[in-house]
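Q: this one's structure only:
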């Protein structure tokens, strides 16, 4: 099972975990990324390439399914205006092997950061607005998985 | 925040994730282990050492907190009679760093398997009953994290 | 050969449009050529495309290095390095 | 020196009790000595402690190798390797 969500709407990690648990693998891992309020951030606007995003996310999921024995993958990424505390991204995996579930989860979030066409614009309490710069460490994190 | 649960009662991963998300770190990872129905398993009985279990789990959590920059750790382990599909164990971590959250989560589940005093007795549809044997691969998984 | 251009993030903001249809001459062979050709228009295009090292591209909805040939491409997106997740 | 013994999993099942109070002689210095001394009782103890390689111990609620000295211990648990998680 591969489920991809690219959506403005909020999502519920508990509901997604329950879907993955129902696959019977015995091991479910997840990562949830949320907006932090650091430095007086008041809004994070997520922009994406609508024609491409879901395909890019599916390709990342399919790569994970080739590398690990997974029963299920859920990838959800929101776009639009978000505020501190809002969930941005969810990665969930189900497997009969706990290491496979956890490693695939780490792989998926690392790859999503470099292989899915999203951009973040931050707005702060003092009126400053800027686009988040890509981090070399994100490229390095994705590169450690090879291929 | 370190929260340890040793309990007969069921737990809700969604609720635990929400507690971890509220810590403001921006990254929350989890692993949930469930009873599999392989081979006609009808019941898994979890026995533990009541005087020791919570202390052992807390020691594992404190070790993770020393190794990674974590804002929160939730460890829950059930005991008593469980059936296929029941959740056995939950590990959740919150951090400002996704790699820290995910690595600590992997460390915690690997260490729980070898450092928490639980034993599993399986009962199958054909009437067979046996105690689950410890796996050398679980010792190896814990050992890869070093002393 | 008409190409549908798409712009995202600060590239979009500097150019001032989300996209446009362009029809470059045959001498424009790669994404880099296309960027240079568009920058020559001046204004927002010149500003957005000032430093190609800060730009990335997708050709027909697949990430592609800037030296990718554009022959046959129908849609080309230009944007900063992605920052999702 | 009275010690509170606790047994878990198939060790408990073979011995037939969850725990017992024992008072070994001074010659019983380590957990291994204690296991041998209890096994000498025969019956369930002999059966449970037949193969010490399959046994693990906790002394006063901390895992301890079988060669750990038991002087001063108040509670010693004997059990198979743990299988939680």
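A: Cool, got the structure. Quantities reported herein were computed from a predicted structural model and do not represent experimental measurements. Numbering: from 1, shown residues only, chains lettered A, B, ... in the order given.
Q: wait, isn't residue A:130 in contact with residue A:121?
A: Yes - the pair residue A:130 / residue A:121 is scored as a contact, 7.2 Å apart, by Cβ atoms under 8 Å. Using the backbone N, CA and C atoms, a C-beta is placed for each residue, glycine as well.
Q: for chain A, which segments count as strands?
A: Secondary structure of chain A (DSSP state E): strands at A:2-7, A:27-34, A:41-48, A:70-78, A:80-82, A:87-95, A:118-124, A:129-131.
Q: got those as TSV, with distance to chain D columns?
A: Below are those laid out as TSV (distance: least, Cβ to the nearest Cβ, whole Å):
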stretch	distance to chain D
strand A:2-7	27
strand A:27-34	10
strand A:41-48	37
strand A:70-78	19
strand A:80-82	35
strand A:87-95	15
strand A:118-124	35
strand A:129-131	43
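Q: leaving out chain neighbours, which residue sits closest to the most centrally placed residue in chain A?
A: Centroid-nearest residue in chain A, with Cα atoms, centre = their mean: residue A:89, separated by 3.9 Å. The spatially closest residue to residue A:89, leaving aside those adjacent along the chain, is residue A:33, at 4.2 Å (Cβ to Cβ, 6 or more residues apart in numbering or on different chains).
Q: ok, now residue C:23?
A: In space, residue C:23 is closest to residue C:2, 4.9 Å off (Cβ to Cβ, 6+ apart).
Q: contact partners for that neighbour?
A: By Cβ atoms under 8 Å, 6 or more residues apart in numbering or on different chains, the contact set of residue C:2 is C:21-23.
Q: need the buried ones from the residues you listed selected in ChimeraX.
A: A single ChimeraX command selects the buried members of the contacts of residue C:2 (16 or more other Cβ atoms under 10 Å in any protein chain shown):
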select /C:22
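Q: and the residue of chain C nearest chain B?
A: Taking Cβ to the nearest Cβ, chain B has its nearest neighbour within chain C at residue C:85, 8.0 Å off.
Q: so that residue, which of the three states?
A: Remark: residue C:85 carries the secondary structure label coil [criterion: DSSP: H, G, I helix; E, B strand; the rest coil].
Q: what's the neighbour count on it?
A: 24 (other Cβ atoms under 10 Å in any protein chain shown).
Q: ok, residue A:58 next?
A: When neighbours are defined as other Cβ under 10 Å, residue A:58 has 15 of them.
Q: could you find the closest non-adjacent residue to it?
A: residue A:4 (5.4 Å).
Q: show me what the top helix by length along chain C is packed against.
A: Taking DSSP state H as the criterion, chain C has its longest helix at helix C:31-39. Judged by 3 or more Cβ pairs under 8 Å, 6 or more residues apart in numbering or on different chains; DSSP states H and E, helix C:31-39 is in contact with helix C:43-48, strand C:75-79.
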